[in-house]
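Participant: build me a model from this:
(chains A and B)
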There are 2 protein chains.
Amino acid sequence: MPKRNAFYAQSGGVTAVINASAAGVIEAARRHRSTIGKVYAGRNGILGALTEDLIDTSKEPAASIRALKHTPAGAFGSCRYKLKGLEESRAQYERLIEVFRAHDIGYFFYNGGNDSADTCLKVSQIADKLGYPLQAIHVPKTVDNDLAVTDNCPGFGSVAKYVATSMREAAFDVASMAKTSTKIFVLEVMGRHAGWITAAVGMADDARTPIPLVLLFPEVPFDEGAFLARVDALTREHGYCCIGVSEGLSNAEGKLMAEAGTRDAFGHTQLGGLAPVLAQFVKSKLGYKYHWAVPDYLQRSRRTLRCSWRANRNS
Amino acid sequence: MPKRNAFYAQSGGVTAVINASAAGVIEAARRHRSTIGKVYAGRNGILGALTEDLIDTSKEPAASIRALKHTPAGAFGSCRYKLKGLEESRAQYERLIEVFRAHDIGYFFYNGGNDSADTCLKVSQIADKLGYPLQAIHVPKTVDNDLAVTDNCPGFGSVAKYVATSMREAAFDVASMAKTSTKIFVLEVMGRHAGWITAAVGMADDARTPIPLVLLFPEVPFDEGAFLARVDALTREHGYCCIGVSEGLSNAEGKLMAEAGTRDAFGHTQLGGLAPVLAQFVKSKLGYKYHWAVPDYLQRSRRTLRCSWRANRNS
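Facilitator: As a prediction, the model looks like this:
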């Protein structure tokens, strides 16, 4: 097999561990120097291929590549840029192959979600049509854990740990103040269409330290009455209540609560966060003092959490 | 010196390390068994003394006390409850001394901020007046780092590490997406009257990894024009801009931006967070796509951060 080069690109929202995948690709390539030459990374994802803006990773020392494993976000830059159908975006696909040919790229690693996997397939198909030999390999990534035929998406584990730990620590805080102060805490988490991250908030709780939790999933339409009854019951029983809510929570009509509909539902203007709206809704109906948090990018870029609570407690 | 008991209580907003102070008091007392008997902790702070709801910490094994050092929030419960002047709240001060007398409390450790220190003084004065021998000792605590005659408040360090790390990690995320997506990131931090936590956001930056940062302090009135000019200049130069803002930011008239006034300033309703308002303000004036985060309690309860980025990168 003749030695050929590889191209690697990051796609879509980055995670705390996408650079670890990059390190995996680059280090594996370095272990197979007889078949894989240089690994080029696209600057700002696939845009780097389209504009021929390539980063030659062979110039980076092994220590720098190793350091990627501990560095959050996309070291080479990512992008939100979707190649469309083969006919619709034919010129771009052909441009890709042209750049690949110019740099003798025989391996195309695309690190992203379902869309990137689809792009991989299409690039593979167009290469075949154009008679250009190419291995297109999708490297899975997504915090949402919703990739097709993928049980555990790299990126989900670190977010899951982040939201569970955050809720656990915040719940300790709320519990210690609830007698005279905050009784309701709302944590808004990512996962617009998939409830895996919301479910992970549930790991805040364990048998030794029960925490009164209410979780609102994007897959389950919001039921105001049931929600208020549960929050009230838990607050009366435990003195406080912690709510984990997906940014993608929808109402009974299937409308995103975080969009304009929220104004109608609660009578308040929505500035982009569901947590404050939900917290104020609880206050207006039940009278409990609240706090809320929207960690946003902090949850998908956190690379510095200790291993676990147990380890921490025993250390 | 006759052996007498101690009373310990936590006061006000808890922190990631107030339990470490509790462990310090309890472990030190255990090392001086000839002079200090039992350490009682007040359940929910000073309320526990007023209602004679005391936790006998001598029943806890050494491992549990040691574990406090790694457990965020207030293990014995805290409260927002302020004793007023000696004359105004005389009955309550006398009640305190009565409970102390019933349990032979010779040492009163009060773990809190400036108000708690003031309460310590008053309890000491009333004890003196009533002829009750008592050592009242204030144990400093506050995330805001604004205690009188205290250089570094326990609680500030952990929040400082949290906000600096969070901004650093989020900035990496934004930098990698900025080409086609989010260009502005706003992180709202605690410290309503003191800018120490806001200043700590500045530690996100270092010489090897410059990050375009704008910090908005509660001590400096918000200047819309200067702010927009700086954000625009940094975004044009670096492709993105990160903004750290204190929840206590005020406008030129000295009004808190996070209160009703925000509506007038920006024309939007305010739901309790300044970050979304500021982010939308930037968007409306400069057109940049934004994200924002309000970590709220997460910042003061985070006990599980690794030591440092350097250590992490070298590991």
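
Participant: any stretches of the stretch 201-315 of chain A with poor pLDDT?
Facilitator: Within the stretch 201-315 of chain A, the segments meeting pLDDT under 70 span A:260-272, A:305-315.

Participant: which residues in it form helices?
Facilitator: In the stretch 201-315 of chain A, the helices defined using DSSP state H, counting those that start in this stretch lie at A:224-238, A:261-266, A:274-286, A:297-301, A:309-314.

Participant: deepest-packed of those helices, please.
Facilitator: Highest mean neighbour count of the helices of the stretch 201-315 of chain A: helix A:297-301, a mean of 27 (counted as mean count of other CB atoms under 10 Å in any protein chain shown). Yep, even glycine has a C-beta here, placed from its N, CA and C like the rest.

Participant: hmm, that one touching chain B?
Facilitator: Yes - residues of helix A:297-301 are located near chain B by CB under 8 Å from any CB of the partner chain, namely A:297-298, A:300-301.

Participant: show me what from the stretch 51-200 of chain A comes close to chain B.
Facilitator: A:67, A:70-81, A:165-166, A:169-170, A:172-177, A:179-181, A:185.

Participant: show me the residues you listed that map onto helices.
Facilitator: If you go by DSSP state H, these have A:67, A:165-166, A:169-170, A:172-177 in helices.

Participant: hmm, back to that, buried ones among the residues of the stretch 51-200 of chain A next to chain B?
Facilitator: Buried subset of those (neighbour count, 16 or more other CB atoms under 10 Å in any protein chain shown): A:67, A:70-79, A:81, A:165-166, A:169-170, A:172-177, A:179-181, A:185.

Participant: sorry, back to before: any chance of JSON lines for the helices of the stretch 201-315 of chain A, columns distance to residue A:123?
Facilitator: Shown next, in JSON lines, are those (distance: least, CB to CB, whole Å):
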{"stretch": "helix A:224-238", "distance to residue A:123": "46"}
{"stretch": "helix A:261-266", "distance to residue A:123": "39"}
{"stretch": "helix A:274-286", "distance to residue A:123": "37"}
{"stretch": "helix A:297-301", "distance to residue A:123": "26"}
{"stretch": "helix A:309-314", "distance to residue A:123": "43"}
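
Participant: between the ones you listed, which gets nearest to residue B:48?
Facilitator: Closest approach to residue B:48 among the helices of the stretch 201-315 of chain A (CB to CB): helix A:224-238, 18.6 Å.

Participant: hmm, who's touching the closest one?
Facilitator: A:175, A:183-184, A:212, A:214, A:216, A:241, A:243, A:265, A:281-282, A:285-286, A:288 (CB atoms under 8 Å, 6 or more residues apart in numbering or on different chains).

Participant: same thing but at 10 Å, please
Facilitator: Here helix A:224-238 makes contact (CB atoms under 10 Å, 6 or more residues apart in numbering or on different chains) with A:171, A:175, A:178, A:183-184, A:186, A:210-214, A:216, A:223, A:240-243, A:245, A:251-252, A:265-266, A:278, A:281-282, A:285-288.

Participant: of the residues you listed, just the buried ones, ChimeraX syntax please.
Facilitator: Remark: buried members of these, expressed as a ChimeraX selection using 16+ other CB under 10 Å:
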select /A:171,175,178,183,184,186,211,212,213,214,216,240,241,242,243,245,251,265,266,278,281,282,286,288
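
Participant: quick revisit: would JSON lines of the ones in helices among the residues of the stretch 51-200 of chain A next to chain B with distance to residue B:120 and pLDDT be doable?
Facilitator: Formatted as JSON lines, those follow (distance: CB to CB, whole Å; pLDDT from 0 to 100):
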{"residue": "A:67", "distance to residue B:120": "49", "pLDDT": "93"}
{"residue": "A:165", "distance to residue B:120": "34", "pLDDT": "94"}
{"residue": "A:166", "distance to residue B:120": "33", "pLDDT": "96"}
{"residue": "A:169", "distance to residue B:120": "28", "pLDDT": "95"}
{"residue": "A:170", "distance to residue B:120": "29", "pLDDT": "97"}
{"residue": "A:172", "distance to residue B:120": "26", "pLDDT": "96"}
{"residue": "A:173", "distance to residue B:120": "24", "pLDDT": "97"}
{"residue": "A:174", "distance to residue B:120": "26", "pLDDT": "97"}
{"residue": "A:175", "distance to residue B:120": "25", "pLDDT": "97"}
{"residue": "A:176", "distance to residue B:120": "20", "pLDDT": "96"}
{"residue": "A:177", "distance to residue B:120": "21", "pLDDT": "94"}
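
Participant: export those residues to CSV and tack on distance to residue A:49?
Facilitator: CSV is the format used below for these (distance: CB to CB, whole Å):
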residue, distance to residue A:49
A:67, 25
A:165, 37
A:166, 37
A:169, 42
A:170, 42
A:172, 48
A:173, 47
A:174, 48
A:175, 52
A:176, 53
A:177, 53
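
Participant: centre of the chain to stretch A:94-101, how far?
Facilitator: 30 Å (CA atoms, centre = their mean, to the nearest Å).

Participant: how about the strands in chain A?
Facilitator: Under the criterion DSSP state E, strands of chain A are mapped to A:4-10, A:36-42, A:54-56, A:105-112, A:135-140, A:184-189, A:213-216, A:241-246, A:290-293.

Participant: with distance to residue B:121 added, can I get the ones you listed in CSV?
Facilitator: Formatted as CSV, the strands of chain A follow (distance: least, CB to CB, whole Å):
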stretch, distance to residue B:121
strand A:4-10, 58
strand A:36-42, 63
strand A:54-56, 63
strand A:105-112, 61
strand A:135-140, 61
strand A:184-189, 34
strand A:213-216, 41
strand A:241-246, 37
strand A:290-293, 31
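
Participant: of those, which is nearest residue B:198?
Facilitator: strand A:290-293 (17.6 Å).

Participant: so how far is that closest one off the chain centroid?
Facilitator: Using CA atoms, centre = their mean, the mean C-alpha position of strand A:290-293 is found 22 Å from that of the whole chain.

Participant: quickly run through the sheet partners of that strand, with directions.
Facilitator: Its sheet considered, strand A:290-293 pairs with strand A:184-189 (parallel) by DSSP bridges.

Participant: let me know the angle separating the partner strand from helix A:224-238.
Facilitator: 120 degrees (axes from the mean of the first three to the mean of the last three CA atoms, to 10 degrees).

Participant: off-centre distance for strand A:184-189?
Facilitator: So, by CA atoms, centre = their mean, the centroid of strand A:184-189 is 18 Å from its chain's centroid.

Participant: relative orientation of it and helix A:274-286 in degrees?
Facilitator: Orientation check (the same axes, to 10 degrees): strand A:184-189 against helix A:274-286 gives 150 degrees.

Participant: check what contacts stretch A:94-104 and list those residues.
Facilitator: A:2-7, A:37-38, A:40, A:42, A:46, A:48-54, A:56, A:83, A:89, A:105-108, A:119, A:122-123, A:126-127, A:129-132, A:134.

Participant: can we see that at 6 Å?
Facilitator: A:4-5, A:49-50, A:52, A:127, A:130, A:132 (CB atoms under 6 Å, 6 or more residues apart in numbering or on different chains).

Participant: return the member of the residues of helix A:297-301 next to chain B nearest to residue A:61.
Facilitator: residue A:301 (24.6 Å).

Participant: can you give me the neighbour number for residue A:198?
Facilitator: Counted with other CB atoms under 10 Å in any protein chain shown, the neighbours of residue A:198 add up to 26.
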